[in-house]
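Visitor: what's the 3D shape of this:
(one chain, ligands or ions: 5)
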Amino acid sequence: MIPRMFICLLVSLATICDVWSEPFRQSLDGRWRLWNSNRSLALPARVPGCVHSALTQRGFIQDPYFRFNDLAHQWISLDNWTYVTTFAVSDRLRSAQKVLLILDGVDTAASVWLNGVLVGHADNMFRQYVFPVRELLEEEEEENVLRVDLLSPVLYANERRKAHWAYRVPPECPPDVQKGQCHVNFIRKEQSSFSWDWGPSFPTMGLWKGVRLEAFDAMRLVRFSAVPLRNASLSRWTVRVELLVEALRPARVDVTLAVPELSSQLTVTSQFLPGTTRHVFTLHVNTSSQVRLWWPSGLGERPSYRLLVTASSQDGLPLLHTESKVYFRTVDLVQEPIADSPGLSFYFRVNGRPVFLKGSNWIPAHAFQDQVTPDALKNLLQSAVDANMNALRVWGGGVYEQDVFYSMCDEMGLMVWQDFMFACATYPTDDDFINTVREEVIQQVWRLKSHPSVIVWSANNENEAALAGDWFHIPPSQRPTYLKDYVTLYVDNIRALVKEEDPSRPFLVSSPTNGAKSEQEGYVAGDPYDPHYGDTHFYSYLHDCWHWSTFPRTRFASEYGFQSWPSFSTLQPVSVPEDWSYSSSFSAHRQHHQDGNQQMLQQAAIHFHLPNSTDPLRRFKDTLYLTQVMQAQCVKTQTDFYRRSRSEIIDGKGHTMGALYWQLNDVWQAPSWSSIEFGGKWKMLHYFAQDFFADVLPVSFEDSDMLLIYAVSDLSGDIKVRAVVSVYTWSDADPVCTLKSQLLPVPGGSAVPVFKQPVAALLAGCGHCTRLTCLLSFRLEDGGGRQQGPSNHHFLCSPKDAQGLRRPNITAKVQESSEGLLVRLHSSAIAPFVWLDAGSLPGRFSSNGFLMLSRDKPVVFQPWRPTSVAELTTSLTITSLSDVYWP
Ligand SMILES: *[C@@H]1O[C@H](CO)[C@@H](O)[C@H](O)[C@H]1NC(C)=O
Ligand SMILES: *[C@@H]1O[C@H](CO)[C@@H](O)[C@H](O)[C@H]1NC(C)=O
Ligand SMILES: *[C@@H]1O[C@H](CO)[C@@H](O)[C@H](O)[C@H]1NC(C)=O
Ligand SMILES: *[C@@H]1O[C@H](CO)[C@@H](O)[C@H](O)[C@H]1NC(C)=O
Ligand SMILES: *[C@@H]1O[C@H](CO)[C@@H](O)[C@H](O)[C@H]1NC(C)=O
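Guide: Ligands and ions are numbered 1, 2, ... in the order given. As a prediction, the model looks like this:
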């Protein structure tokens, strides 16, 4: 009797355990050897891992993120590298009917050799590769040699480009300011690894996911998915379970599916044929059971149910036993005519309820994916939820994220807009390319479709816009070729495959897109940015961002943003003192967006005095701070505008139902559009997001000198609120007067005007106020006088023109408290944009970057490691706006 063993593997969202009559897996992860083509370098290297990480860990190169090392380390990805491991296999594994070598992630162009025999090639970072190897394995105790030869991705992309002689596939190269490599669109690899406008060029090479042997005698589970579907007409749930099984001989198998908590079970006898076959089962959820739904963050709970799947032979021998989590929810993308507006709506409905998507865009969390830990992901995703986000767009120039990313999104209620990994380029459509993409799409859709967090697939980032706007200067005579390639790749292949593999959620061909309208226009609309249809991306760095009228009143804002610099404590470990000025070559080097550093100052100068300290280091730090103030205030203004536009149609535009700013996270320490710095520190923008994404929010704006305040509510139920407006002079921390509006109903999921008054009348009725001497703070209050949502503020002039603003003397006392370290702030005057910086102490504040209108304010610092009162007291610096020009 062979002892039974449980072997667990991570498949999609849950641990799945298979029971087999013998052991069948052997991990080949761990310590391998690595060398370059002429063997001048040879070193141990971890798998999963990459060449850059191995060279860094072994001290062969200095930290790739330090100063200009992205340039200094360019040689690495111009060389070819070889990974080698040796291993012995047990007799039992050797004697199995079939043994497979499985590589979960090869980055990227590679040939794989076992004991000197070529077993296959890899050309796509986003695919798993499986090679049968039983005949090649040595006897027990003998050593097997597994070798993976990696070709320079830069060279490979160039070679593919040269082979594509008939016409060019632009862009050939990134802009010079990105200091990147060319032809990344010819290689199925993280597109931003050849550089981006926020990231360095580190064309990685390696085995970035696990490697193992899998041996079996009868059958194995290749893939598994469980997708709940709701039959609307019958008001019933089913779970569509798919098994992809590789069997060696025909077998009659009893398959049992059960969701015990819902008293639902199904047993079917299936014929498993030899080869790899798909088996689809429909489990009807017992109608007498109450199914509890999965809701996005802020809208409800996320209960999961255990699904058990077993397969056994006719004589009762267990063959398979897998288990996963199932969450029930529906999602639709609604594109239908709207009264008083040309065009179509564009919003998501979850469980039948329209949901405003609040969030941002996700980019790779590190240039070296092997260094992205579950803790780092968790910290970023928790930061998103804590800033009241309910959605993230996994952007198409990065990677399909790790399984744990999606399981965390499931648990936290973060909806995922999932792009396929194509961005800002045209792509080839030769057979090799299409075939590898098809396999990539099938594998990724299978891997992710059981996750309720994934609410939409989108085939590419900005490639419709690139053709429509002729970014690549394609001669008119050649345009049909590119349009045809576009449709071939994204429609005839990707869309067709996704429709077949996952009809359970909506599919978009691009972003931005006009959606249904783009499809009517042959998939490339005349203007994919048309605010009457679909989603838009919008950037404008030099227009005054405080003017809401410069923003498109779009149906859905899937990208918008402004750059800022990370804090000094983030830059310090990768720089030296000579770098610490805004005009240093380091500052220029880390900026990958043309004129970006200048644009930040120009935008900031519209409303603020620029730092002018005579102490250069102080001026540098003040400038970093001011770019964050500018970014936070710009993105806040724009987001406030989108949120208050959800219920209105003005000049045919509006019903905005999404605000995903660009971008959540950073890939390295550099200026970018992110709200979280590399390492996890929140920028001022992220603290602002906590407020501007709150479920209930007061928003102000001026329309021809009329001050309006809207109450925005994402709640399920209706509320009744009034606006409370307090008028302050810049010189005093006590309001000069306070106005209250009538109590008004605000239905769940709406934006309603609750206050309207001409600014002139408001000021005239309030002492000696003028636009220059006064500012407004406002909040919402319910009938019982309880505040609903955060307070907000409205400047009546640029802070640089404010009269009476004094330099506040802000002092802080730190003490222990039950929630963390309590910082008691005291200010002698009104202070705008008060910024607490704990330096290199990891953690975050309960609130930051705020307008300090009271003399005292408590703020809690939650450290991410044990931190004493003394440490925080020493590290803490406090800056407010006037500090930067009254030193
Ligand atoms: C071997 O390759 C390294 C890295 O590409 C290069 O710097 C070195 O000059 C080469 N050595 C010889 C002897 O060719
Ligand atoms: C890498 O391999 C390719 C293909 O074999 C070869 O053309 C190229 O010269 C190699 N590069 C180096 C640095 O050896
Ligand atoms: C549905 O659930 C009820 C109560 O748990 C149970 O008695 C019944 O057998 C179930 N029906 C089916 C079809 O499983
Ligand atoms: C700032 O406030 C502290 C504490 O209130 C006080 O001791 C100090 O003298 C003040 N400094 C200035 C420059 O006013
Ligand atoms: C810095 O700028 C402020 C505001 O424009 C001005 O009042 C101050 O005199 C300037 N200081 C220096 C040292 O130039």
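Visitor: Around ligand 3, pick out the residues from this structure.
Guide: With C-beta under 6 Å from any ligand atom as the criterion, the chain meets ligand 3 at residues 263-265, 286, 288. Any C-beta I mention is one placed from the backbone N, CA and C, and that applies to glycine too.
Visitor: Name the member of those residues with the most neighbours.
Guide: Within the residues of the chain next to ligand 3, most neighbours by other C-beta atoms under 10 Å means Ser264, with 22 neighbours.
Visitor: Quick check, pLDDT for that one.
Guide: Note for Ser264: predicted pLDDT of 96.
Visitor: who touches it in this structure?
Guide: By C-beta atoms under 8 Å, 6 or more residues apart in numbering, the contact set of Ser264 is 258, 283-286, 289.
Visitor: which one of those residues has the most neighbours?
Guide: Greatest neighbour count in these, by other C-beta under 10 Å, goes to Leu283: 24 neighbours.
Visitor: the helices in the stretch 601-750 of the chain, which residues?
Guide: 616-644, 684-692 (DSSP state H, counting those that start in this stretch).
Visitor: hmm, who's touching the one helix or strand Arg306 maps to?
Guide: Using DSSP states H and E, Arg306 maps to strand 305-313. For strand 305-313, contacts defined as C-beta under 8 Å, 6+ apart pick out 224, 226, 239, 241, 243, 251-262, 283, 318-328.
Visitor: got any ranges where this protein has weak pLDDT?
Guide: 1-23, 887 (pLDDT under 70).
Visitor: From Leu381, how far out is Ser297?
Guide: To Leu381, Ser297 is 10 Å away according to C-beta to C-beta, to the nearest Å.
Visitor: residues shared between the contacts of those two?
Guide: Residues touching both Ser297 and Leu381 (C-beta under 8 Å, 6+ apart): 412, 414.
Visitor: Taking strand 305-313 as reference, get the angle to the next helix-or-strand element following the strand holding Arg306.
Guide: With elements assigned by DSSP H and E, the helix or strand that comes after strand 305-313 is strand 318-326. On the basis of axes from the mean of the first three to the mean of the last three C-alpha atoms, to 10 degrees, strand 318-326 is oriented at 170 degrees to strand 305-313.
Visitor: Could you list the paired strands of strand 318-326 along with their orientation?
Guide: strand 305-313 (antiparallel) (DSSP bridges).
Visitor: now the partner strand, how far from the centre of its chain.
Guide: 33 Å (C-alpha atoms, centre = their mean, to the nearest Å).
Visitor: With distance to Trp196 and mean neighbour count added, can I get the helices of the stretch 601-750 of the chain in JSON lines?
Guide: Compiled in JSON lines, those are given as follows (distance: least, C-beta to C-beta, whole Å; neighbours: other C-beta atoms under 10 Å):
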{"stretch": "helix 616-644", "distance to Trp196": "18", "mean neighbour count": "23"}
{"stretch": "helix 684-692", "distance to Trp196": "19", "mean neighbour count": "25"}
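Visitor: Please convert these to CSV, extending it with distance to ligand 1.
Guide: CSV is the format used below for the helices of the stretch 601-750 of the chain (distance: least, C-beta to the nearest ligand atom, whole Å):
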stretch, distance to ligand 1
helix 616-644, 36
helix 684-692, 41
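Visitor: what's the burial count for the residue in the stretch 401-550 of the chain that ligand 3 sits nearest to?
Guide: The nearest approach of the stretch 401-550 of the chain to ligand 3 comes at Ser450, 22.6 Å away (C-beta to the nearest ligand atom). Residues lying near Ser450 (other C-beta under 10 Å) number 29.
Visitor: That one is in what secondary structure piece?
Guide: Counting by DSSP H and E, Ser450 is found in no helix or strand.
Visitor: Near the closest residue to Phe186 other than its chain neighbours, how many other residues are there?
Guide: Nearest residue to Phe186 in three dimensions, chain neighbours excluded: Arg160, at 3.8 Å (C-beta to C-beta, 6 or more residues apart in numbering). By the criterion of other C-beta under 10 Å, Arg160 has 20 neighbours.
Visitor: what do you get for Trp886?
Guide: Residues lying near Trp886 (other C-beta under 10 Å) number 12.
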